[in-house]
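S.K.: Below is the sequence, then the predicted model.
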Amino acid sequence: MRIVVIILLGLALILSLLGTITNRWYQSLSNDFNEGLWLFCQRFSSDLSSSPPTVINHCRRQPYFKSQALAISGIIFLSIAFILSIIYFYQRKITRLLVYLIILLLIASTLLLIFSYLLYPRNPHSRQLGFSIYFMLISSIIVLISTALVTFLTKTVQSTPIPTYLT
C-alpha cells in the first residue's frame, strides 16, 4: 500500500507539471488559438492564394501572476510532500508529526492547484477546455486519493512505543 501512495503522488506531480507548463488550458472551437498559463498562441494564415497556405503561429506571454504563483506553489508543496512521504514510508521510526505535515502539504497543494484554475481569467465565449486543465484536475483528484490513503495508513499503523527501562 505504501508503494501505491508513492506511485500516485509521483503521477500527480508529473501531471501537475505537465498541466502547468503546457499551453492548452483553453482552446478555441475552431482551433485558431490556444491559451495556457504562460502563453497565448494564435494561428494566422499568411497567404490564401498559394497552394499550401502557410500558417504562422504567433505567441505572447500571459501576465496571469496570481494563477502562475498559485500553480508553482502547489507544485512546490506537492513535491515536498512527495519527498517527505518517501522518507516517511522508508524509515523505521514512525512519527506522527511527519504524517500530519504530509497530510497538510497534500491538502494545501490540492487547494493551490484548484485555485490556480479558479482564479485564471477567462472568457467563456467560443472556448473549450484543453488537455492541460484535465491534467491539473486529474492531478488534484489523485492527490486527494493519496491523502485519504496516507490518512488510512496512519490510522492502521501503531506508533512505536518509547522503551522504558527499570533501574
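M.R.: Perfect, thanks for sending it.
S.K.: where does the chain have low pLDDT?
M.R.: 45-56, 92, 94, 123-127, 156-167 (pLDDT under 70).
S.K.: Tell me where it has helices.
M.R.: 2-21, 65-89, 96-118, 131-156 (DSSP state H).
S.K.: for the ones you listed, which one sits closest to residue 33?
M.R.: helix 131-156 (14.1 Å; C-beta to C-beta). Using the backbone N, CA and C atoms, a C-beta is placed for each residue, glycine as well.
S.K.: list the buried ones in that closest one?
M.R.: Within helix 131-156, the residues scored as buried using 16 or more other C-beta atoms under 10 Å are 132-133, 135-137, 139-140, 142-143, 146-147, 149-150, 153-154.
S.K.: Same question for stretch 79-95.
M.R.: Result for stretch 79-95 [16+ other C-beta under 10 Å]: buried residues 79, 80, 81, 82, 84, 85, 88, 89.
S.K.: Tabulate those residues in CSV, adding columns for distance to residue 30.
M.R.: Shown next, in CSV, are these (distance: C-beta to C-beta, whole Å):
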residue, distance to residue 30
79, 37
80, 42
81, 40
82, 39
84, 46
85, 44
88, 49
89, 48
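S.K.: Let me know the closest of the residues you listed to residue 38.
M.R.: For these, the nearest to residue 38 is residue 79 (18.9 Å; C-beta to C-beta).
S.K.: is it true that the closest one touches residue 13?
M.R.: Yes - assessed by C-beta atoms under 8 Å, residue 79 is found in contact with residue 13 at 6.0 Å.
S.K.: Check this protein and tell me which residue is nearest its centre.
M.R.: residue 16 (2.7 Å; C-alpha atoms, centre = their mean).
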